[in-house]
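Asks: Mind looking at a prediction? Sequence and model below.
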Amino acid sequence: MNFLEERIVKDGVVKEGNVLKVDSFLNHQMDIKLLDQMGAEFKRRFADKPINKILTIEASGIGIACIAAQHFDVPVVFAKKSQSINLDGEMYVAEVESFTHKCINHVIVAQKFLGPEDHVLIIDDFLANGCALQGLIQIVQSAGATVEGIGIAIEKGFQSGGRIIRNLGYQLESLAIVDGMDAETGRIDFRPQGEDVGGSEAENSGEKNECK
Ligand code: 5GP
């Protein structure tokens, strides 16, 4: 097990509805030393990419992205979520269905912070069905910028997002991939690292894009 998997086993809580709670160290209270280790690992995995900007989405992605940005020495842009939007031509906007809140958010980035000259690493805390990532990718494309890679803390490999994003051809690096979990026993199964490209059997058999 790597450092993040060990921490998930120690402090993560499996909830009903395929939700893994990691709020004691990742997305409510944040363990900054752990985030720093994650940032170093993202830098190692994307060492050969000409990344000049990190893009994430509020709120949980911001802390992870900011600590990672210190390793890349680049600025962070975070997409804002809004229920009601004022389209004024100076924003990139994408629609994203929230896995945790079951609603549609508009995610918004000001055009002045993303353009064709940008080589972007997208970072987020979780990957489930991939809706958040697809919205962020759409925003990068609208800007004429390049997605150099995608870094995720925890991918739920039994949901379809990872496979969909990899099939689109992106370098997707998830520091921990959970292939199964059980709310009753608290059991969490991780995909062995280095075998993270093919996808689990369950995932391969039932792939569909769950995003609106
Ligand atoms: P997706 O868009 O890939 O379906 O879901 C990704 C987003 O939903 C992440 O940004 C994260 O905030 C939230 N999310 C998805 N699954 C989980 C989970 O199991 N636990 C927590 N804490 N957040 C999740």
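Replies: Looks like it came in fine.
Asks: so where do the strands sit in the protein?
Replies: Along the chain, the stretches classed as strands by DSSP state E are 13-15, 19-21, 53-57, 76-82, 91-97, 104-110, 119-127, 146-156, 172-181, 188-190.
Asks: okay, these in TSV with mean neighbour count next?
Replies: C-betas here are computed from N, CA, C, even on glycine. Formatted as TSV, those follow (neighbours: other CB atoms under 10 Å):
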stretch	mean neighbour count
strand 13-15	14
strand 19-21	16
strand 53-57	25
strand 76-82	19
strand 91-97	19
strand 104-110	18
strand 119-127	24
strand 146-156	23
strand 172-181	21
strand 188-190	17
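Asks: how about TSV for these, with mean pLDDT added?
Replies: Listed next are the strands of the chain as TSV, based on pLDDT from 0 to 100:
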stretch	mean pLDDT
strand 13-15	98
strand 19-21	97
strand 53-57	98
strand 76-82	93
strand 91-97	92
strand 104-110	91
strand 119-127	98
strand 146-156	98
strand 172-181	98
strand 188-190	98
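Asks: Out of those, which is closest to residue 42?
Replies: Between residue 42 and the strands of the chain, the shortest gap by CB to CB is with strand 146-156, which sits at 4.3 Å.
Asks: Format the strands of the chain as CSV; extra columns: distance to the ligand.
Replies: Shown next, in CSV, are these (distance: least, CB to the nearest ligand atom, whole Å):
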stretch, distance to the ligand
strand 13-15, 8
strand 19-21, 4
strand 53-57, 6
strand 76-82, 10
strand 91-97, 7
strand 104-110, 10
strand 119-127, 4
strand 146-156, 6
strand 172-181, 8
strand 188-190, 11
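Asks: Make CSV from those and add distance to residue 140 to it.
Replies: Shown next, in CSV, are the strands of the chain (distance: least, CB to CB, whole Å):
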stretch, distance to residue 140
strand 13-15, 31
strand 19-21, 27
strand 53-57, 7
strand 76-82, 10
strand 91-97, 9
strand 104-110, 9
strand 119-127, 5
strand 146-156, 5
strand 172-181, 14
strand 188-190, 29
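Asks: Residue 30: which of those strands is closest?
Replies: Here strand 119-127 is closest among these (CB to CB), at 10.2 Å.
Asks: Buried ones in stretch 132-149, by neighbour count?
Replies: Using 16 or more other CB atoms under 10 Å as the test for burial, stretch 132-149 gives 132-140, 143, 145-149.
Asks: circling back to that earlier point, quick one: closest of the strands of the chain to residue 211.
Replies: Once those are compared by CB to CB, strand 91-97 is nearest, at 5.6 Å.
Asks: Contacts only, for the spatially most central residue of the chain.
Replies: In the chain, the centroid-proximal residue (CA atoms, centre = their mean) is residue 124; its distance is 2.9 Å. Neighbouring residues of residue 124 by CB atoms under 8 Å, 6 or more residues apart in numbering: 56, 57, 60, 61, 64, 132, 133, 136, 150, 152, 153.
Asks: so who does the fifth one touch?
Replies: With CB under 8 Å, 6+ apart as the criterion, the residues that contact residue 64 are 26, 35, 38, 39, 56, 123, 124, 125, 153.
Asks: just to revisit the earlier point, quick one: closest of the strands of the chain to residue 165.
Replies: strand 172-181 (5.0 Å).
Asks: Cool, thanks, signing off.
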